[in-house]
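K.L.:
Model the following, please.
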Amino acid sequence: MNRRTTRTTRSTATAFASAIALVAGLALGGCSSADGSDAAPKLEVSGAFMPEPVNGEMAGGFLSITNLSGVDDTLTSVTSDLSDDVQLHETKDQKMQQVTSFPLPAHDELQLRRGGDHLMFMGLKRTPKQGDKVSIELHFQKSDPIKVELPVEARNHNPQHH
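P.N.:
Numbers count the residues shown, from 1 in each chain. The predicted model follows:
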């Protein structure tokens, strides 16, 4: 091998390695934006409770979910050990109706509370009593599921009046 062939081979190898590094850098850079908007939402749950149900047919659930991030998310479903049918309900014009999801905008809070949007547990497997806890799992469009324990409170419990 002469000096000219050695230089050409080294130059080609260096150029190829540089091209690979450039493509890899562009690919990785394309996975997230400069403002972090592709990052996973950061969610925090608070104020969770369930009033003791009047009967074994249905119960309501209430809580707040705060989106601490700059990324929108959506609550898409809830599962529970208490019921195989946990529904998302909204209240508009004092009328309750089932919905498929609740939006959770960036830097905002979803409040599920008495007289407003809430969870409905249908066809209860057991009737929880005050002092019990009900396990639920919140499912989101983007975020990982969040497990929450709902303490069962008195039937007239309303933290908004405290």
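K.L.:
Please count neighbours and contacts with C-alpha atoms only from this point.
P.N.:
Noted.
K.L.:
So what touches stretch 92-103?
P.N.:
72-77, 87-91, 110, 115-116 (C-alpha atoms under 8 Å, 6 or more residues apart in numbering).
K.L.:
Identify each buried residue in that stretch, please.
P.N.:
101-102 (16 or more other C-alpha atoms under 10 Å).
K.L.:
okay, that stretch in CSV with CA atoms only?
P.N.:
Provided in CSV are the C-alpha atoms of stretch 92-103 (Å, rounded to 0.1, in the frame of the first residue of the first chain):
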residue,chain,number,x,y,z
LYS,A,92,-73.2,20.5,32.8
ASP,A,93,-76.3,22.6,33.5
GLN,A,94,-76.9,20.4,36.6
LYS,A,95,-77.2,17.3,34.4
MET,A,96,-74.8,14.3,34.8
GLN,A,97,-73.5,12.5,31.7
GLN,A,98,-70.9,9.9,31.0
VAL,A,99,-67.8,11.0,29.0
THR,A,100,-64.9,9.1,27.5
SER,A,101,-62.1,11.3,28.9
PHE,A,102,-61.2,14.4,30.8
PRO,A,103,-58.5,16.8,29.4
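K.L.:
so for it, what's the average pLDDT?
P.N.:
Stretch 92-103 shows a mean pLDDT of 93.
K.L.:
Equivalent analysis for stretch 149-159, please.
P.N.:
The average pLDDT within stretch 149-159 is 92.
K.L.:
Over to it now: how far is its first residue from its last?
P.N.:
End-to-end span of stretch 149-159 (C-alpha to C-alpha, to the nearest Å): 17 Å.
K.L.:
Return the distance of that stretch from the chain's centre.
P.N.:
Centroid separation for stretch 149-159 versus its chain: 23 Å, with C-alpha atoms, centre = their mean, to the nearest Å.
K.L.:
ok, and what's touching it?
P.N.:
When contacts are defined by C-alpha under 8 Å, 6+ apart, stretch 149-159 is touched by residues 48-54, 61, 114, 128-136.
K.L.:
so who does Q111 touch?
P.N.:
62-65, 117.
K.L.:
what about it, distance to A39?
P.N.:
Distance from Q111 to A39, by C-alpha to C-alpha: 23 Å.
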